[in-house]
Every structure is written in C-alpha cells, then in structure tokens.
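Q: how does the following fold in three dimensions:
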Amino acid sequence: MSEERAGRREFMARAGAASAVAGLSPGLSGCAEDEAPPDVQTLELVTGWIEKTFDGERVRLRAYDGQVPGPTITTRPGQLLEIALVNELDDYAAKSWTRADTWNGDHNVPHHLGTTNLHVHGLEVLPHLFEPLGTEDPAASMIAVPPEGGVQVYPFQIPSDHPSGLFWYHPHHHGSTVVQAVSGMAGPIIVEGPIDEVPEIAAARDVLVAVQDIGLFRSDDPDDPDAWVYEPVQNAIWQSLASDPAARVTIYDASTGMAEPTPLNGGFTTGDYALRFYLVDGEPFYREEHNDGTTGECPGGGMPSQSCPVGTQLGDGLRLSIAPGEVVRLRMLNGCSDLVMPMHLEGHELHLIALDGVNFTAPRTITTQYAEIWDGRVDYSSAATSLVLAPANRAEFLVKGGAPGTYRLVQLAHVDQQFMAADEKVVATITVEGEPMDMALPTALPEPTRHYPLITPGELVDDSYVVEFEMAFPGVLNPTVGLDFMIGEQIYAEHETTKQVRLGTAEQWTLRTHDTMEGHPFHVHVNSFEVISIAGVDQPPGTIMDTIWVPKPPTMDGATEVVIRSRYKQWSGKSVYHCHILPHEDTGMMRNFLILP
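A: Below you'll find the predicted structure:
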C-alpha cells in the first residue's frame with residue numbers, strides 16, 4: 001500500500017473513532033461526566049475533473065468533491081478541523097501532448113498542473129504551506145500532493161478566540177495555483193461564533209454570494225478538441241495583446257531568446273482568456289470573450305482594444321426576494337483569480353459588519369454611488385462610495401428591504417486600474433415584495449477578542465518594512481513567461497526567507513505599488529492585519545483584513561502606499577505573503593517570511 005493510501009486509511013480510521021466518541025453519552029466516552037468530548041471535525045476534500053455546460057459550451061473544470069464551488073465547511077472556535085485532501089486529478093506529465101518534460105525546472109514557470117495542496121485562506125491557524133506543517137526551517141519545501149491518489153492530512157486547530165465570519169479555501173501549490181483555482185477549485189469556510197448570536201443578525205436570513213471566474217481555451221488535447229478547458233501545453237503563453245492571431249500563443253526559445261509563435265489554442269495567461277465565465281454560487285452570470293481589437297468598445301465608450309474583453313450579461317445573477325423592512329445578511333466572496341470588484345447596491349444602504357471574516361464593533365453604514373467608471377478609490381469608512389473587494393476579499397453586510405421594486409447589486413466597470421478592463425456586471429438582483437416587516441438592525445457588535453486591544457504605536461518593534469510591487473516587460477528574470485512580477489525587484493525563491501518576525505510582537509508594514517501599470521492585492525498568511533491608511537486616507541480603527549487592494553501608482557515612477565499593522569500570535573513557522581492576482585503570484589510575486597518563537 002502506498003504511503004498516501006495508508007495515510008488516508010489511518011485518517012479515516014481516526015475520523016471514525018472521533019465520530020464515535022462524539023456520539024456516545026458522557027458516561028461511555030471515556031471522559032469525566034463534567035467534561036465535554038473533544039470537539040473534532042474530520043472531513044475529506046477530493047479533487048477531480050468534472051464537466052458542465054455553461055451558456056451552451058461544454059467546459060471541463062477542476063473541482064472539490066465534484067462541485068463548483070466546493071462544499072461549504074462550517075467550523076467554530078476551539079474545534080480541531082482535520083481535512084484529508086485527496087488528489088484525484090490526473091497526471092499532467094503522463095499526457096504526451098502537454099510536453100511536460102520541456103519544463104526547465106524554474107518554479108516561477110507554471111508547471112505540474114496536476115499537483116496540488118490546500119490553503120485555508122484567512123483562518124488564523126498554523127502555517128501550512130511548507131512541509132512538515134508548521135516548520136520553522138527557512139529552506140523547507142512547499143507541500144506537493146501528487147496526482148492520482150496523493151493524500152495530505154491537515155489538522156487545523158481553530159483558536160478559541162478565532163473571529164467568526166466568512167473565509168475560504170483554495171489550492172496554493174506554486175506553479176499550478178491559478179490554473180486550478182480559475183478552473184473551479186475553491187470553496188467557502190464559515191466560522192460560527194459570537195457575531196451569529198447578535199439577536200438582529202440571528203434573526204436575519206443568511207445568504208452566500210460566492211463569485212468565481214472560470215478561464216478557458218479550446219482544448220489542445222487531440223482526443224477532446226471540442227472541449228473548453230484550461231490545460232495549457234508546458235511553456236505555452238497566451239499573448240493577450242497580440243495583434244496577429246498567428247502569434248497569439250507563443251513558446252519561448254532559449255536558444256534564440258525569442259517567443260516563437262505556435263498553432264496552439266491556448267497557453268498560460270497573465271491577462272484575459274479566449275473565453276471566461278463569471279459564476280455566482282456556481283451559476284454563470286457573465287460571459288467574456290477575447291477581443292481581437294476590432295469588436296465592441298471599452299468601458300466608458302473607448303475604442304475597441306485587446307485589453308477590453310467582449311462581455312455579455314447572462315440573466316440577473318443571483319436572485320433574492322425580500323420583504324419591505326426585512327433584514328438579510330449577505331456574505332460575499334470575491335473568489336476571482338484577478339478581478340477587483342467595486343460594488344454598488346441600488347436603492348439601499350449597505351450595513352457593513354465584517355471584512356475578511358473579522359467583524360467591526362458596530363456596523364458601518366455605506367451609501368454606495370453608481371458610476372459609469374469606478375474612480376479607483378478604496379475606502380472602508382462610512383464615507384465610501386463603493387464597497388471594494390479585491391481578489392480574495394470577503395464582505396458581510398446587512399440589507400434592509402426598502403420600497404417595493406427591483407434593485408441590482410452591481411460590480412462597477414473600470415479601466416486602467418488593472419491590465420485588463422472590466423465591464424459592469426450584475427452579480428445579484430434583489431426584488432423587494434410581499435408583506436412588510438419591521439426587523440431591526442444591530443447598533444453594536446461583539447469585540448473580536450483575538451485582535452483587541454488594537455495595536456498602538458508604542459507596541460511596534462518595527463515600522464520600517466516595505467513590501468513593494470513591481471513589474472517589468474519584457475521579462476528578464478522570467479523570460480519564459482515574458483513578464484517579471486516582482487516584490488522588491490525579486491521574483492519568488494522557494495527556499496529563501498527575506499524577513500523574520502517574532503511571536504508576541506507587532507510590526508507596521510508599508511505596502512507600495514511602484515513601477516507597475518496596475519494595482520495589486522496584498523495577502524499574508526497566518527495573521528490578519530489592521531489597515532491604518534490607504535493612499536494617505538486614514539481608515540476607521542478596527543478595519544482588520546487579510547487581503548487589501550493597493551491601488552496603482554499615479555505614474556509609473558510614482559507610488560501609492562497602504563499602511564498595515566500586524567500582531568504575531570500563537571503560531572510560529574515559515575509562511576508567505578504575496579499578490580493575490582493569482583497569475584502574478586504563480587510567476588513570482590510572492591515572498592517567504594519566518595515567524596520565530
């Protein structure tokens with residue numbers, strides 16, 4: 001029996017024993033009568049391929065447990081959450097047409113597309129990207145769960161003071177992260193806790209709004225040429241801005257130093273796709289196709305461009321019916337691989353109660369404003385004009401039904417904020433109808449004790465560290481991809497750490513965009529942070545997040561800064577921070593750091 005299969009069998013035996021203990025009466029469980037049985041939840045997540053039909057197109061997706069998004073995992077503070085990740089994806093290298101043997105060993109070139117691992121995004125648990133779990137070895141290698149039956153067991157001890165809110169999970173194997181995530185591998189996590197016990201929140205309907213993007217190309221598999229899938233040939237690069245269709249997919253030739261045209265249908269992309277669908281709770285609500293530069297127009301009436309995909313709204317998005325005066329709780333996840341989403345709700349205030357799973361101590365009421373083009377402003381105070389969700393952000397807000405009618409929850413269009421423009425998209429449609437109700441809104445929320453008291457300037461042991469996002473074209477450090485996505489003028493090095501912090505201390509970091517044409521979402525593992533200011537604008541105390549959009553600089557040689565503070569609690573080990581535009585992360589825009597005991 002393989003080690004992977006043995007590990008899975010051992011896990012399932014342990015899971016059965018834990019379930020049996022939990023199900024026995026106290027007198028039979030081996031616990032004293034005044035002791036509760038251990039709070040343990042065990043589950044499996046199985047990866048694999050599935051097929052769907054989206055808007056008449058046959059698409060092949062990667063999925064957890066055969067569904068997109070993956071199953072919702074519900075846990076609570078103090079629980080031991082044991083997840084066995086079982087990788088039933090097929091072996092990319094075993095398919096001769098993929099030319100996987102041409103990979104040159106550079107881990108910043110997409111590779112090993114069937115290998116995976118698991119990241120529980122935003123959960124403040126032990127570092128779990130490197131092996132062994134929680135390792136403090138700065139040269140440790142990343143966990144790599146092989147295809148066709150590989151197993152990795154993750155025992156996540158949820159801290160007793162863990163915030164209660166919306167989190168999520170997705171793959172994080174460097175080189176295959178984006179290909180897997182943008183073809184379906186992501187799912188929500190809900191931590192139940194004190195916020196759910198607030199009477200006005202407990203009385204409200206709880207609605208998940210999970211948004212994902214699915215990037216696709218016509219298959220290059222000769223046995224399945226009609227499918228839409230994201231499984232590029234090794235080293236093939238999709239050139240989003242190529243004006244010549246014959247040069248749209250290239251492969252770098254090291255002997256000539258040139259990107260040579262190929263007849264392939266698709267390749268790894270850091271821009272758009274031949275076809276992309278945006279999903280809400282697994283259903284497509286928007287279709288986007290590559291623009292050859294001759295079709296349609298850019299948002300705001302601009303001329304056609306390869307940087308402005310051609311989009312089509314598919315229906316009304318998520319449909320929700322509420323009564324006048326009814327309060328509903330919306331939990332929204334931006335699980336997209338690269339899209340920043342400035343959100344606007346027609347005709348209603350957003351009563352924002354949490355960001356990235358950490359609630360405020362009182363709701364913040366935001367009146368969003370419609371704009372034909374988003375101005376790029378990021379603000380989480382009550383003066384905000386939109387609710388900005390970077391890739392990986394979550395927001396939880398209450399909506400109280402107003403006058404009868406139909407209202408749209410809209411992602412505002414934007415240009416020049418990212419490499420690709422984004423059309424306006426209707427994510428959800430709310431119909432206010434029926435018998436009026438008079439539900440109350442909360443005025444106070446429980447303090448998330450893991451993050452309080454807030455960090456004061458006197459607690460900081462370092463306030464000088466800078467994380468600077470940069471890009472360079474053409475790529476010198478990464479010629480195969482053709483672009484350099486850097487932090488501090490370096491691309492990712494798996495076995496190096498460039499920053500150390502210590503448990504029990506707090507630091508202030510400055511996040512900066514410079515020498516880049518777009519904004520970048522900063523994400524850090526293990527500990528969430530408080531956002532102090534965004535582009536010079538102070539944020540309300542208690543704005544605690546794990547991902548923050550750092551707006552683009554005003555000019556290529558200018559800079560925009562976000563200031564954050566972190567307290568390092570409970571867990572030591574090797575961890576990472578990175579840009580959460582996943583193609584940027586996968587090709588170099590990531591750094592390791594070490595949390596020392």
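Q: which helix or strand in the chain has the lowest average pLDDT?
A: Least confident helix or strand of the chain, by mean pLDDT, DSSP states H and E, is helix 3-23 with a mean of 47.
Q: ok, then the element right after it?
A: Where DSSP states H and E defines the elements, the next helix or strand beyond helix 3-23 is strand 40-54.
Q: next up, the contacts around the closest residue to His525 other than its chain neighbours.
A: Excluding the flanking residues, the one nearest His525 by C-beta to C-beta, 6 or more residues apart in numbering is Ser575, at 4.6 Å. Just so you know, the C-beta spots here come from the backbone N, C-alpha and C atoms, and that holds for glycine as well. For Ser575, the contacting residues are Pro127, Leu129, Val524, His525, Val526, Asn592, Phe593, Leu594, Ile595, by C-beta atoms under 8 Å, 6 or more residues apart in numbering.
Q: go through the residues you listed and flag which are in strands.
A: Val524, Asn592, Phe593, Leu594, Ile595 (DSSP state E).
Q: show me just the buried residues among those.
A: Buried members of the ones in strands among the contacts of Ser575, counted by 16 or more other C-beta atoms under 10 Å: Val524, Asn592, Phe593, Leu594, Ile595.
Q: the residue nearest to His525 pairs with what?
A: Phe593 (DSSP bridges).
Q: for the stretch 251-400 of the chain, what spans make up the strands?
A: 258-261, 275-280, 283-289, 310-313, 318-322, 327-334, 341-345, 350-355, 358-366, 387-389, 394-400 (DSSP state E, counting those that start in this stretch).
Q: adding distance to Met517 and mean pLDDT, write the ones you listed out as a markdown table.
A: Converted to a markdown table, the strands of the stretch 251-400 of the chain look like this (distance: least, C-beta to C-beta, whole Å; pLDDT from 0 to 100):
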| stretch | distance to Met517 | mean pLDDT |
| --- | --- | --- |
| strand 258-261 | 20 | 94 |
| strand 275-280 | 20 | 98 |
| strand 283-289 | 20 | 98 |
| strand 310-313 | 21 | 96 |
| strand 318-322 | 33 | 98 |
| strand 327-334 | 21 | 98 |
| strand 341-345 | 19 | 98 |
| strand 350-355 | 27 | 98 |
| strand 358-366 | 29 | 98 |
| strand 387-389 | 19 | 98 |
| strand 394-400 | 27 | 98 |
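Q: mind listing what's buried in stretch 187-194?
A: Using 16+ other C-beta under 10 Å as the test for burial, stretch 187-194 gives Gly187, Pro188, Ile189, Ile190, Val191, Gly193, Pro194.
Q: spatially central residue for this structure, please.
A: Closest to where the C-alpha atoms of the chain average out (C-alpha atoms, centre = their mean) is Ala392, at 3.1 Å.
Q: how about the residue lying closest to Pro583 once chain neighbours are set aside, what does it touch?
A: Of all residues not flanking Pro583 in the chain, Thr270 sits nearest, at 4.3 Å (C-beta to C-beta, 6+ apart). By C-beta under 8 Å, 6+ apart, the contact set of Thr270 is Ser240, Phe419, Val481, Leu483, Phe485, Pro583, His584, Thr587.
Q: run the last query once more with 10 Å
A: With contact taken as C-beta atoms under 10 Å, 6 or more residues apart in numbering, Thr270 is in contact with 178, 237-240, 338, 419-420, 471, 481-483, 485, 581-584, 586-587.
Q: what does Arg394 give?
A: 121-122, 165-168, 188-189, 209-210, 331-335, 354-358, 545-547.
Q: which residue, other than its chain neighbours, is closest to it?
A: Closest residue to Arg394 apart from its sequence neighbours, by C-beta to C-beta, 6+ apart: Leu166 at 4.4 Å.
Q: contacting residues for that neighbour?
A: Listed by C-beta under 10 Å, 6+ apart, the contact set of Leu166 reads 72, 122, 188-191, 208-210, 331-333, 354-357, 394-396.
Q: out of these, which end up buried?
A: Buried members of the contacts of Leu166, scored by 16+ other C-beta under 10 Å, are 122, 188-191, 208-210, 331-333, 354-357, 394-396.
Q: could I have the CA atoms of stretch 484-494 written out in PDB?
A: C-alpha atoms of stretch 484-494 as PDB (Å, rounded to 0.1, in the frame of the first residue of the first chain):
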ATOM      1  CA  ASP A 484       8.600  39.900 -14.400                       C
ATOM      2  CA  PHE A 485       6.200  40.100 -11.500                       C
ATOM      3  CA  MET A 486       8.300  41.100  -8.500                       C
ATOM      4  CA  ILE A 487       8.400  42.200  -4.900                       C
ATOM      5  CA  GLY A 488      11.400  44.300  -4.100                       C
ATOM      6  CA  GLU A 489      12.900  43.700  -7.500                       C
ATOM      7  CA  GLN A 490      13.000  39.900  -6.900                       C
ATOM      8  CA  ILE A 491      10.900  37.000  -8.000                       C
ATOM      9  CA  TYR A 492       9.900  34.200  -5.700                       C
ATOM     10  CA  ALA A 493      12.600  31.900  -4.200                       C
ATOM     11  CA  GLU A 494      11.000  28.900  -2.500                       C
END
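Q: for that stretch, the distance to its chain's centre please.
A: When distances are taken as C-alpha atoms, centre = their mean, to the nearest Å, stretch 484-494 is centred 20 Å away from the chain's centroid.
Q: thinking again about what came up before, pLDDT added to the contacts of Ser575, as a markdown table?
A: Shown next, in a markdown table, are those (pLDDT from 0 to 100):
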| residue | pLDDT |
| --- | --- |
| Pro127 | 98 |
| Leu129 | 98 |
| Val524 | 98 |
| His525 | 98 |
| Val526 | 98 |
| Asn592 | 98 |
| Phe593 | 98 |
| Leu594 | 98 |
| Ile595 | 98 |
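Q: closest one of these to Thr510?
A: Val524 (13.5 Å; C-beta to C-beta).
Q: one step back: so the residue nearest to His525 versus Val145, what's the distance?
A: Distance from Ser575 to Val145, counting by C-beta to C-beta, to the nearest Å: 19 Å.
Q: how about Ile190?
A: Distance from Ile190 to Val145, by C-beta to C-beta: 24 Å.
Q: then Val563?
A: For Val563 relative to Val145 (C-beta to C-beta), the value is 37 Å.
Q: one more: Gln234?
A: 20 Å.
Q: swap in Pro324?
A: Look at Pro324 and Val145: by C-beta to C-beta, they are 50 Å apart.
Q: before we move on, what about Leu43?
A: When C-beta to C-beta is the yardstick, Leu43 and Val145 sit 16 Å from each other.
Q: got a list of what Asp224 touches?
A: Here Asp224 is in contact with Arg58, Arg60, Glu231 (C-beta under 10 Å, 6+ apart).
Q: bridging residues for the closest residue to the second one other than its chain neighbours?
A: Distances taken as C-beta to C-beta, 6+ apart put Val229 closest to Arg60, at 4.1 Å, once the chain neighbours are dropped. Bridge pairing for Val229 (DSSP bridges) gives the partners Phe217.
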